[in-house]
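Visitor: Sequence and predicted structure below; questions after.
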Amino acid sequence: MELKALLSNLLNYTLNKDENPNIETIEMDSRKPQKNSLFVCIEGFTMDGHDFARQAAENGAAAILAEKEVDSAGLPVIMVNDTRRALAILSDVFYEHPTQSMHLIGITGTNGKTTTSHLIEKILSDASIPAGLIGTIDMKIKGKSYKVANTTPESLFLQKAFHQMKEEGVKTAVMEVSSHALDQGRVRGCDFNIAVFTNLTQDHLDYHRNMEEYLYAKSLLFSQMGNVYKNDEVKAAVLNNDDPASSAFKRVTSSQVLTYGIDTASDMMAKDIEITSRGTVFTLIAPNHENVKVTLNLIGKFSVYNALAAASACFLSGVPLKQIVKSLEAVTGVPGRFETVDAGQDFTVIVDYSHTPDSLENVLRTIKEFAKGKVTAIVGCGGDRDKTKRPIMAGIAVQLADEAVFTSDNPRSEDPMSILKDMEEGVDADARYVTIPDRKEAIEYAVSKASKDDILLIAGKGHETYQIIGSDVLTFDDREVAKEAIGGIKK
Ligand SMILES: CC(=O)N[C@H]1[C@@H](OP(=O)(O)OP(=O)(O)OC[C@H]2O[C@@H](n3ccc(=O)[nH]c3=O)[C@H](O)[C@@H]2O)O[C@H](CO)[C@@H](O)[C@@H]1O[C@H](C)C(=O)N[C@@H](C)C(=O)N[C@H](CCC(=O)O)C(=O)O
Ligand SMILES: Nc1ncnc2c1ncn2[C@@H]1O[C@H](COP(=O)(O)OP(=O)(O)OP(=O)(O)O)[C@@H](O)[C@H]1O
């Protein structure tokens, strides 16, 4: 594509020379081969892409997009105000606006994005609507899994992925939309049909300075949805009516709103909820007033919310209610979300991705509802991330579990002991907890102490198969470590 055609949707830019090279790829990493690329310089959080413009030129770039002066080795330079935001527009143009002719569902919220997106994908594919999926665990196209670096990848990766989905005949996609992505404009080129909100509680205050800014970032999904219609379909915001943040989103969206809830009157509701150790039973009341009994294999009130969010999005996507319920009932779990580890032991081990105060509290409260024996929570907090949640999470663990084991969870560049010290600020000295910095030892300790009918919650890492210590990414899987530890005590 000619450079000037590629720039056609940018409102504000200057080009330093009247040249119009053919652009074969767009790249944002100078270390990759550039094949006549437009190299987009991004000022990141650790590096500044502007410092690598010359390297990109030497690797074959044909033009440079920048927001400040660069050494371009004589290549044409396009200057814009914000390269990250410009990249979203250019990627959409380069990949021929893939989402304009797709049915795109975006999910935002602090907790439940991954679970809800998996439920939606399952319901749609059971209804013979193959859906691409982009989220924390992976990207999936026609059942094939691809690695992703971020919950919501950079716009360049996203638009390329949507293009690939279309090439492979997949015209429906469901994706998680993180607050970082919204703040950085990664989804600006995405034309959403449906935007879903799960809930808003404390997280990511290392990035967003306070809850107001976090809420504002989330609201961008709804304010940026744009027109009321897309290809004759009404656009819709699917909002959790029980969460106070929804009122802010109602104010900023110009789309139709469909609400769901348990405690507040809503378009899609769950009533008569029963929570058991194996799942959840409730009556689903749809916007057309149809009532259906649902037996979910997913545990806890929070799972009912995820089911309601998924049911609402799929109802709006034209899937009949009975089909939605059938698919929801067939879901046995999502990797790393309330996943039980069974190695023949007489106690229960649950691995769960709860790494926010709210999710930890929900999971522990749910466990307590059916626990017959002692509940032990193994909990850590990430390094280089929101420090304010450390004492809060530790406090929740000691308050709700019979015993807490504080340990490491991706300490990154921080000293694990100083993270544990921050956690200890949230608990009284006489609280029942132990501190074991090595995560493997912490799991082994809890397993060795477990008796019949006890429950061990290994919180925080869920599906992750690594532990980041310093700059090393070490192989670590809570599920495997727990199995080995159980094997060890059986010998
Ligand atoms: C804080 C944040 O958003 N970081 C993201 C950001 O990294 P960065 O700004 O630090 O990038 P950088 O390393 O400084 O590099 C800047 C630029 O220089 C370029 N570069 C760098 C070196 C070089 O030799 N040549 C070169 O061209 C890089 O390719 C890049 O374009 O841009 C990268 C590329 O898109 C992201 O992968 C990275 O996400 C990191 C992995 C991350 O942890 N992000 C978290 C905070 C995040 O975004 N999380 C949310 C979900 C959170 C949740 O809900 O739990 C997400 O959506 O993933
Ligand atoms: N609707 C919900 N409300 C509160 N907690 C939830 C909800 N759904 C799931 N959880 C809890 O949060 C954890 C993470 O769930 P999930 O991965 O679905 O959320 P997420 O929004 O994708 O998280 P992340 O953004 O960190 O990837 C689960 O393991 C569970 O403990």
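Guide: Yep, it's here. Ligands and ions are numbered 1, 2, ... in the order given.
Visitor: And stretch 447-456, what's buried?
Guide: Across stretch 447-456, burial judged by 16 or more other CB atoms under 10 Å covers 447, 449-450, 454-456. Yep, even glycine has a C-beta here, placed from its N, CA and C like the rest.
Visitor: And ligand 2, is the lengthiest helix in the chain touching that?
Guide: In the chain, with assignment by DSSP state H, the single longest helix is helix 301-316. Yes: for helix 301-316, a contact with ligand 2 is found by CB under 6 Å from any ligand atom, at 302, 305-306.
Visitor: Show me what residue 236 is bridged to.
Guide: residue 194, residue 256 (DSSP bridges).
Visitor: okay, now the residue of the stretch 201-350 of the chain found nearest ligand 2: neighbour count?
Guide: Of all residues in the stretch 201-350 of the chain, residue 302 sits closest to ligand 2, at 3.6 Å by CB to the nearest ligand atom. By other CB atoms under 10 Å, the residues close to residue 302 number 25.
Visitor: mind checking which helix or strand the nearest residue to it once chain neighbours are set aside is in?
Guide: Once flanking residues are discounted, residue 302 sits nearest to residue 362: 4.7 Å by CB to CB, 6 or more residues apart in numbering. Secondary structure assigned from DSSP states H and E places residue 362 in helix 357-370.
Visitor: quick one on the thing from earlier: among the buried residues of stretch 447-456, which are in strands?
Guide: Judged by DSSP state E, the buried residues of stretch 447-456 include 455-456 as members of strands.
Visitor: Pick out whichever of the buried residues of stretch 447-456 sits closest to residue 152.
Guide: In terms of CB to CB, no member of the buried residues of stretch 447-456 lies closer to residue 152 than residue 456, at 32.0 Å.
Visitor: mind listing what that closest one touches?
Guide: Neighbour list for residue 456: 347-350, 376, 378, 446-447, 450, 482 [criterion: CB atoms under 8 Å, 6 or more residues apart in numbering].
Visitor: Recalculate using a threshold of 10 Å.
Guide: Counting by CB atoms under 10 Å, 6 or more residues apart in numbering, residue 456 touches 341, 345, 347-351, 367, 374-378, 401, 403, 405, 443, 446-447, 449-450, 482, 485-486.
Visitor: what's the distance between residue 435 and residue 378?
Guide: Taking CB to CB, to the nearest Å as the measure, residue 435 falls 11 Å from residue 378.
Visitor: list the residues that contact both of those two?
Guide: Here residue 435 and residue 378 have 404-407, 442 as joint contacts, going by CB under 10 Å, 6+ apart.
Visitor: May I ask which of those has the most neighbours?
Guide: That'd be residue 404 among those, by other CB under 10 Å, with 30 neighbours.
Visitor: Pull up the per-residue confidence for the nearest residue to residue 30 once chain neighbours are set aside.
Guide: Nearest residue to residue 30, sequence neighbours excluded (CB to CB, 6+ apart): residue 52, at 3.5 Å. Residue 52 is assigned 98 on the pLDDT scale.
Visitor: now swap in residue 491 and tell me
Guide: 60.
Visitor: mind listing what the residue in the chain that ligand 1 sits nearest to touches?
Guide: Taking CB to the nearest ligand atom as the measure, the chain has residue 44 as its residue closest to ligand 1, at 2.2 Å. Taking CB under 10 Å, 6+ apart, we find residue 44 in contact with 28, 84.
Visitor: can you check residue 92 too?
Guide: 9, 98-100, 155-156, 158-159, 162-163, 188-191.
Visitor: which bits of the stretch 101-250 of the chain sit near ligand 2?
Guide: So the stretch 101-250 of the chain meets ligand 2 at 109, 111-115, 136, 151, 176, 198-199 (CB under 6 Å from any ligand atom).
Visitor: Helices - which of these land there?
Guide: Filtering these for helices - DSSP H - leaves 113-115.
Visitor: ok, so of those, who is nearest residue 411?
Guide: Set against residue 411, the nearest of these by CB to CB is residue 114 (23.1 Å).
Visitor: Count the neighbours of the closest residue to the closest one other than its chain neighbours for me.
Guide: Leaving aside its sequence neighbours, residue 114 sits nearest to residue 136 (CB to CB, 6+ apart; 4.9 Å). Residues lying near residue 136 (other CB under 10 Å) number 18.
Visitor: and what of residue 72?
Guide: 20.
Visitor: so it sits in a helix?
Guide: No: with DSSP: H, G, I helix; E, B strand; the rest coil as the criterion, residue 72 is located in coil rather than a helix.
Visitor: chain center to the longest helix of the chain: distance?
Guide: Taking the mean of its C-alpha atoms, helix 301-316 sits 16 Å from the chain's own mean (CA atoms, centre = their mean, to the nearest Å).
Visitor: So what's the model's average confidence on it?
Guide: pLDDT averaged over helix 301-316 gives 97.
Visitor: distance of the residue nearest to residue 30 from residue 408?
Guide: 34 Å.
Visitor: low-confidence ranges in the protein?
Guide: Where the chain drops to pLDDT under 70, the residues are 490-491.
Visitor: Quick check: can you list the domain ranges of it?
Guide: Using automatic domain parsing, the domain ranges for the chain come out as 3-94, 98-330, 339-490.
Visitor: still on that earlier bit, contacting residues for the residue nearest to residue 114?
Guide: 113-114, 117, 148, 150-152, 176, 178, 336, 353, 462-464.
Visitor: Same check on residue 272?
Guide: So residue 272 contacts 281-283, 285, 291, 293 (CB under 10 Å, 6+ apart).
Visitor: before we move on, the earlier item: confirm the residue nearest to residue 30 sits in a strand?
Guide: No: Residue 52 is assigned helix when assessed by three-state DSSP, not a strand.
Visitor: wouldn't it be in contact with residue 73 here?
Guide: No: look at residue 52 against residue 73 with CB atoms under 10 Å: they stay out of range, at 11.5 Å.
Visitor: Check the contact lists of these two and give me the overlap.
Guide: Between them, residue 52 and residue 73 share these contacting residues under CB under 10 Å, 6+ apart: residue 58.
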